[in-house]
Every structure is written in structure tokens, then in C-alpha cells.
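>>> My questions are about this predicted structure, shown below with the sequence.
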Amino acid sequence: MPKILLKNNEVEYVIKAHPRAKNLRLRVLAEAVVSITVPCKYSEVLARKFLAKHADWVLDKIRLCRERPPVRLSAAEYLRKKIRTKKIILQRIRVINRHYALVFNRITVRRQKSRWGSCSSAGNLNFNSRICDLSERLQDYIITHELCHLRELNHSPAFWRLVAETMPDYSVLRKELRKQSAGFL
């Protein structure tokens with residue numbers, strides 16, 4: 001894995017070219033590895049410059065990751081957490097979906113390293129088992145976000161208008177979730 005020196009700290013990073021990416025995006029994964037998502041055909045030199053430009057933010061997130069050691073659950077503990085998370089999601093989705101009346105197929109809860117949730121084109125909703133560790137307001141934001149993808153399978157202005165129908169403060173919640181995610185996922 002490539003490394004870069006940021007303010008006398010050696011940092012591992014991975015560059016992921018994504019066909020729909022329009023901008024560069026930095027994430028610090030739970031293993032204190034920096035992920036840089038870039039548009040296709042974006043040079044590694046420019047990605048490294050972007051990483052260096054955001055060195056303070058990256059180093060702060062890495063510090064948070066190292067302060068919060070990963071929680072290792074036994075299989076039984078994980079199963080209990082998964083059941084508890086699914087129960088929360090099913091309860092909240094019933095309430096939230098009264099407004100949207102969207103149809104979905106399956107709800108799945110699993111251990112995910114980099115996502116809180118996802119929605120497939122087949123209408124399946126997937127959620128991270130760690131949602132139960134978040135505040136109810138952040139849980140509702142994640143559930144609403146994924147529900148809205150059933151109608152808008154993108155992050156267009158129409159999608160965000162749909163989210164805002166029940167979560168007008170979604171941008172504040174989104175920022176709070178990003179802060180929570182550092183070292184958490």
C-alpha cells in the first residue's frame with residue numbers, strides 16, 4: 001500500500017477511481033488508512049497533492065481512529081446486536097415510510113466497514129449493524145436517506161429535496177454523521 005509523509009507522519013492511502021465521481025473525496029477508514037476517491041483518469045500526483053492539502057484533517061481523523069480501538073464482538077454478541085439493529089430499523093422505517101409510502105423488497109443488516117447503508121436497484125435496503133450505537137436522530141437520517149434512494153437512486157437535487165421533506169436539517173445531520181464515522185466504521 002502506498003504511503004505519504006504528512007507533517008512527519010507516515011500515512012497509508014489507497015486511491016479509488018470511481019466512474020461517477022465528480023470531485024475528490026477523503027475518508028479515513030477504521031484501520032487508519034486514508035481512502036481517496038477520485039474521478040476516473042485522475043492522476044496520482046494530483047490525488048497526493050489533495051491529500052497533503054488536507055493533512056491537518058487527515059491526521060486528526062487518524063488520531064481519533066487510534067484513540068478508539070476497534071470493538072471485537074463474539075459471534076453471539078454480534079448476533080444480538082444485529083437483531084437489535086434490525087428491530088430498530090423495522091420500527092423506524094414503518095414510521096418514516098408513512099410519509100413516503102415507498103415499496104422495498106428486503107432489509108438486511110450486516111457488518112460493513114465503510115457504509116452506514118445502501119439501496120440496490122432491486123429495492124433492497126442494507127444497513128450497518130452499528131446503527132444501533134448512534135443517536136435516534138442519526139438512525140432516522142440513515143433510514144430516511146436509504147428509503148429516498150428507492151425513488152431517486154442518486155444524490156441529485158431531487159433526491160435531497162425528497163430527504164428534506166421529513167428531515168429539513170439533513171445537512172446538519174449529514175455533517176454530524178461524518179464526524180461520528182471517523183474511526184467508527
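Right, received. Where do you want to start?
>>> from here on, contacts and neighbour counts on C-alpha atoms
Noted.
>>> Quick check: closest non-adjacent residue to Asn128.
Once flanking residues are discounted, Asn128 sits nearest to Trp116: 4.9 Å by C-alpha to C-alpha, 6 or more residues apart in numbering.
>>> Could you measure from the one you found over to Cys132?
11 Å (C-alpha to C-alpha, to the nearest Å).
>>> Determine the number of other residues adjacent to the residue nearest to Asn128.
By other C-alpha atoms under 10 Å, the residues close to Trp116 number 21.
>>> That one contacts Phe127, doesn't it?
Yes: using C-alpha atoms under 8 Å, Trp116 is in contact with Phe127, at 5.8 Å.
>>> care to break this structure down by domain?
3-67, 75-181 (automatic domain parsing).
>>> now those domains as TSV including mean pLDDT?
Below are the domains of the chain laid out as TSV (pLDDT from 0 to 100):
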stretch	mean pLDDT
domain 3-67	86
domain 75-181	93
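>>> Identify the residues contacting the residue nearest to Asn128.
Applying C-alpha atoms under 8 Å, 6 or more residues apart in numbering, we find Trp116 in contact with Phe127, Asn128, Arg130, Ile131, Ile142.
>>> Next secondary structure after the helix or strand where the first one lies?
What that stands for is Phe127. Using DSSP states H and E, the element containing Phe127 is strand 125-128. As assigned by DSSP H and E, the chain's next helix or strand after strand 125-128 is helix 136-148.
>>> just checking, what packs against the helix or strand following that next one?
Where DSSP H and E defines the elements, the next helix or strand beyond helix 136-148 is helix 157-164. On a contact count with 3 or more C-alpha pairs under 8 Å, 6 or more residues apart in numbering; DSSP states H and E, helix 157-164 meets helix 136-148.
>>> Check the offset of the helix it packs on from the chain's centre.
Centroid separation between helix 136-148 and its chain, computed with C-alpha atoms, centre = their mean, to the nearest Å, is 12 Å.
>>> Now do it and helix 157-164, the angle between them.
140 degrees (axes from the mean of the first three to the mean of the last three C-alpha atoms, to 10 degrees).
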